[in-house]
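Enquirer: Based on what follows, work out the 3D shape:
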Amino acid sequence: MTEAADRFLDRLRALGPRVALIDAATGIETSFADLAGATDQARHKLAAAGIGPGAVVKLDGEAAAGTLALLLALQSLGAVTALDTSTVAAERADKAALAGAGWRLAPEDGHHPQALTPSGDAPAPLVAALTAADRAGLILFSSGTTGRPKAMLHDLDRLTDSYIAGDPRTKSVRLLLFLMFDHIGGINTIFSSLAQGTTLVLPAARTPDGVAAAIAAHRVGVLPASPTFLNLMLMSGVAARHDLSCLRMITYGTEPMPDGLLALLRARLPRARLLQTFGTSETGIVSTVSKASDSLLMRFDDDAVEHRVVDGELWLRSRRRILGYLNHSMDAFTDDGWFRTGDLVEEAGDGFLKVKGRAKEIINVGGEKVFPAEVEGVLMASGLVADCKVFGQPNAITGQSVWAEIVPAGNDGGADLVKAVKAHARGRLDAFKVPVRVKVVADIPYSARFKKLIAREAS
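Expert: Okay, here's the model as predicted:
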């Protein structure tokens, strides 16, 4: 067993009978002691199948008591675990090849170990170096929305050690596990919550009603989610159907939060503090402090992370950074370890920052920069728009122009609505930021991780 895995399991055993997990679909509760015991059983099963130090194992499926026990068991064996929540066979197979997996644990087979033929004749150099150091690894994949996913190797022992640095909470807290198991945000939520003695509530469905029902039934106090999903909750009216008064904190990240949406959340859920989070798959999640619940200004408060702003772009240097990519160059990192995040920020003094948006999503109108989130925030604040997506389209004169897709807040979706939305924007934005075309749509497309997708084909 790796020393780090032993330390983490000791923390679980010390928390004993306290509830670690609640499955909202079944109502089954798993204590910390039960989770540690299930990990011990899984370790014996995996070891008997021949899985040991340096084995690359692809673990498929959503977070649950069984999959968490398997992940902890694989860590204790010194294996490298590649996580995947995809249900598409071709995606699963591609990620197994990218990871060089020699084993697969799939939910449809009861997570019984299945041997695979790994790609290549030898383990990747990064995996071999990690194994030589007697440490366990974790492979996460990028979303792959603009090409083949990047396979990123983390030192799992280093990650788990960072979560048990402090003492567990003395007061019981319940947190809904919304972020995906194979996402750095989900991993951060799981390990930090378990280390702190927080109870994780697993929703029956990752839908507005499924999440709201789990919050109400199990008196969840903390909800981490993306701005897109939080807006879907507002649009669906779940607050009128479920008692969400127990919520004391909502954390949001993974994409920019429009100002208008933040104001709506503050008005609809006044008892909940709103905290902006930040992180990348490459550098891990950074501890942050928001200036106020109604402010998009945040400050980093993390001894493991340094930051600097270079030409408006946020750079991070983190002790929780990846060891490297298995299938990509490290050109996003400088020689001295700084990661260029691709996020453009505005410095506001006293260490506070405001995330303006991704550099690759900026709309360039005749040399002027337009951040989609700023325009979306203005449209959302109009009261006329329930959801929207702002994006750039080619323009022969200015290079690009600003377009918007909107979902009406009411039943009116005709020309008068479009005129009113444009008039609202003209009164609050510079002329070059005002959408030249506003298209009424039934919905805004988003990814499986509830982030807005690049706009649909223009028409």
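
Enquirer: Regarding this structure, what is its longest helix?
Expert: Assignment by DSSP state H gives helix 32-49 as the longest helix of the chain.

Enquirer: Output the contacting helices and strands for it.
Expert: Helix 32-49 makes packing contacts with helix 3-15, strand 19-23, helix 65-76 when contacts are defined by 3 or more CB pairs under 8 Å, 6 or more residues apart in numbering; DSSP states H and E. Where you see a C-beta, it was placed from the backbone N, CA and C, and this is true even at glycine.

Enquirer: Surely Asp34 is in contact with Ala20?
Expert: Yes: assessed by CB atoms under 8 Å, Asp34 is found in contact with Ala20 at 7.5 Å.

Enquirer: for the one residue sitting closest to the centre of the chain, helix, strand, or coil?
Expert: Centroid-nearest residue in the chain: Gly185, 3.9 Å away (criterion: CA atoms, centre = their mean). At Gly185, secondary structure determined by DSSP: H, G, I helix; E, B strand; the rest coil is helix.

Enquirer: Does the residue nearest to it when sequence neighbours are not counted belong to a helix, a strand or coil?
Expert: Spatial nearest neighbour of Gly185, excluding adjacent residues (CB to CB, 6 or more residues apart in numbering): Leu179 at 4.0 Å. For Leu179, the secondary structure call by three-state DSSP comes out as coil.

Enquirer: What residues does Leu179 make contact with?
Expert: Gly185, Gly186, Thr189, Pro224, Ala225, Thr254, Arg449 (CB atoms under 8 Å, 6 or more residues apart in numbering).

Enquirer: how near is Ala42 to Leu429?
Expert: In this view, Ala42 and Leu429 are 55 Å apart by CB to CB, to the nearest Å.

Enquirer: Give me the below-cutoff pLDDT ranges for the stretch 1-150 of the chain.
Expert: Residues of the stretch 1-150 of the chain meeting the criterion pLDDT under 70: 120-121, 144-146.

Enquirer: Sketch out the strands for the stretch 151-300 of the chain, chain order is fine.
Expert: Ranges of strands in the stretch 151-300 of the chain, per DSSP state E, counting those that start in this stretch, are 151-155, 174-176, 199-202, 222-225, 249-252, 273-276, 278-280, 284-286, 288-290, 298-300.

Enquirer: May I have the beta-bridge partners of Thr81?
Expert: Val57, Leu138 (DSSP bridges).

Enquirer: my bad, Val305
Expert: On the basis of DSSP bridges, Val305 is bridged to Ser318.

Enquirer: Let me know the pLDDT of it.
Expert: On pLDDT, Val305 comes in at 95.

Enquirer: follow-up on the earlier one: the longest helix of the chain versus strand 19-23: what angle between them?
Expert: Calculated by axes from the mean of the first three to the mean of the last three CA atoms, to 10 degrees, helix 32-49 forms an angle of 80 degrees with strand 19-23.

Enquirer: residues of helix 32-49 that come out buried?
Expert: The neighbour-count check on helix 32-49 (16 or more other CB atoms under 10 Å) flags Phe32, Ala33, Asp34, Leu35, Ala36, Gly37, Ala38, Thr39, Asp40, Ala42, Arg43, Leu46 as buried.

Enquirer: Give me the buried positions along stretch 403-413.
Expert: Buried positions in stretch 403-413, judged by neighbour count with 16+ other CB under 10 Å: Trp403, Ala404, Glu405, Ile406, Val407, Pro408.

Enquirer: Is Arg135 in a helix, a strand, or coil?
Expert: Here Arg135 is recorded as coil under three-state DSSP.

Enquirer: Please point out which parts of stretch 89-108 sit buried.
Expert: Within stretch 89-108, the residues scored as buried using 16+ other CB under 10 Å are 92, 94-106.

Enquirer: Convert it to CSV, retaining C-alpha atoms only.
Expert: Taking Å, rounded to 0.1, in the frame of the first residue of the first chain, the C-alpha atoms of stretch 89-108 are listed here in CSV:
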residue,chain,number,x,y,z
ALA,A,89,-18.2,2.8,-26.5
ALA,A,90,-16.0,4.5,-29.1
GLU,A,91,-15.0,7.2,-26.6
ARG,A,92,-14.2,4.7,-23.9
ALA,A,93,-12.0,2.6,-26.3
ASP,A,94,-10.2,5.7,-27.5
LYS,A,95,-9.5,6.9,-23.9
ALA,A,96,-8.2,3.4,-22.9
ALA,A,97,-5.8,3.6,-25.8
LEU,A,98,-4.6,7.1,-24.9
ALA,A,99,-4.0,6.0,-21.3
GLY,A,100,-2.2,2.8,-22.4
ALA,A,101,-4.6,0.9,-20.1
GLY,A,102,-3.9,-2.8,-19.4
TRP,A,103,-7.0,-3.3,-17.4
ARG,A,104,-10.6,-2.1,-17.5
LEU,A,105,-13.3,-2.0,-14.8
ALA,A,106,-16.7,-1.3,-16.3
PRO,A,107,-20.1,-1.0,-14.5
GLU,A,108,-21.9,-3.2,-17.0
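
Enquirer: Ends of stretch 47-59, what's the gap?
Expert: Length of stretch 47-59, first residue to last, CA to CA, to the nearest Å: 15 Å.

Enquirer: which of the residues in it are buried?
Expert: Across stretch 47-59, burial judged by 16+ other CB under 10 Å covers Ile51, Gly54, Ala55, Val56, Val57, Lys58, Leu59.

Enquirer: Good, wrapping up.
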